[in-house]
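Colleague: Provided below are the primary sequence and the corresponding predicted coordinates.
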Amino acid sequence: MIKNQRVVAVEEHFTTAAYLEVAHGLSVWPDDKTEMTFMRGLENDAALRTKLVDFEKRLQEMDLNGTDMAVLSLNPPGVQPYETESAVPLARDFNDQLAEVIKRWPTRFAGLGTVAPQDPKQAALEIERIMGPLGLGGVMIYSHTFGRYLDEPDFELLLEAAESHNAPIYLHPRAPSPQMLAPYQKYGMVAALWGYQAEAGTHAMRLILSGAFDRHPNLKVILGHLGEGLPFWTTRLDNRYAFTYRAAGQALGMVKLELTPSEYLRRNFAVTTSGMHDPEALAFCINRLGEDNVMFAIDHPYEDSTAATAFLQDADLTETQRAKISHINAERLFHISR
Ligand code: MN
């Protein structure tokens, strides 16, 4: 329980019975089968399903641990394992349902919409709707789609729409793409134990190194789990980018960047505390990225909300830092007005 502090938690997953009924009836991209068997198993687990779909219970839990507002998002990996013609309307229906939830509890919930990157043009149009009539705060994208990454030219439309509509992209992890999955198949590494951060961290690096933030200087990307390892790497990223570019940039097809990798991390990224209740890691991220670029998240229903809020309460922060991390940064980045 956290006291005397407004708390906005920003990686809080939900779904609806109506969504699951449609989604679970769809066949998934063959390479996503293992991951989707696992995720559907979670969604069919009685206790987890209740946590995902029951808003009265969620509000009780939020009251108990002192969370004023949850920024809701679809359970991973969104609509991305489904064929385009199913994924596009599924995303649209989900966003309508999310907007209804927020309309019903406007002081308790905000939301990140879902898009189907499978169809970048439709995704761009949906971002316009998400940030316009639906009044949501941004989009969540669950890393790769059919093994493809957002730095690829086909997705320029999507990045353009996100930048021009001020839609931060919360780049949420999922299991590694088929191109890099094999070594993660053993010892339970495929999901949150290690594979998720390898996948999401790689995706973020591809965006940086592709020059996406030179093309879209105002694009904002949010990473969970205190930045999926990237903040720890900042000095090495900068000196190895410079070294590799000098040594073999042309041969390796590298892009000449306007800034150093760590400068993009500070300018175009923000990170959240989801699942990382580690005071030293938090202090490190604040030092590396700045106190305006760190936000509180629980990762409901996969992390314990009592532990998460106790971590925020006990962290060694100035009062200004605690206020920024607990709500001010989220309100600014996700356009939440009180
Ligand atoms: Mn999550």
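Modeller: Looks like it arrived, so ask away.
Colleague: Dihedrals phi and psi, T235?
Modeller: Backbone torsions of T235, given as degrees, to the nearest 10, read phi -70, psi -40.
Colleague: ok, now how distant is it from R288?
Modeller: As defined by CB to CB, to the nearest Å, T235 lies at a distance of 9 Å from R288. Just so you know, the C-beta spots here come from the backbone N, C-alpha and C atoms, and that holds for glycine as well.
Colleague: who touches both of the two?
Modeller: S262 (CB atoms under 8 Å, 6 or more residues apart in numbering).
Colleague: more crowded one of these two?
Modeller: Counted by other CB atoms under 10 Å, T235 and R288 do not tie: R288 has more neighbours, with 20 against 11.
Colleague: ok so that one is a strand residue?
Modeller: No - counting by DSSP: H, G, I helix; E, B strand; the rest coil, R288 falls outside a strand, being helix.
Colleague: Now it: closest residue in space that isn't a chain neighbour?
Modeller: Using CB to CB, 6 or more residues apart in numbering and skipping residues adjacent in sequence, the residue nearest R288 is P231, 4.5 Å away.
Colleague: got it, and I130?
Modeller: In space, I130 comes closest to G113 once its chain neighbours are excluded; the distance is 3.5 Å by CB to CB, 6+ apart.
Colleague: if I've got this straight, that neighbour is in a strand?
Modeller: Yes - for G113, which was evaluated using three-state DSSP, the result is membership in a strand.
Colleague: what helix or strand does A70 sit in?
Modeller: Using DSSP states H and E, the secondary-structure element containing A70 is strand 69-74.
Colleague: quick one: buried residues of the helix or strand following that strand?
Modeller: Beyond strand 69-74 on the C-terminal side, the first helix or strand identified by DSSP H and E is helix 84-104. Buried residues in helix 84-104, counting neighbours by 16 or more other CB atoms under 10 Å, are found at 86-88, 90-95, 97-99, 101-102.
Colleague: What's the separation between the residue nearest to V101 when sequence neighbours are not counted and Q321?
Modeller: With CB to CB, 6+ apart as the measure, F109 is the residue that lies nearest to V101, at 5.8 Å, once sequence neighbours are left out. Shown here: F109 relative to Q321, a distance of 25 Å by CB to CB.
Colleague: Settle it for me: which of those two has more neighbours?
Modeller: Regarding F109 and Q321, a neighbour count based on other CB under 10 Å identifies F109 as having more, with 21 against 18.
Colleague: rewinding a little: ok, and does the strand holding A70 reach over to the ion?
Modeller: No - judged by CB under 5 Å from the ion, strand 69-74 and the ion are separated, with a smallest distance of 7.7 Å.
Colleague: what about A307, how many neighbours?
Modeller: Counted by other CB under 10 Å, the residues lying close to A307 total 12.
Colleague: Cheers, nothing more for now.
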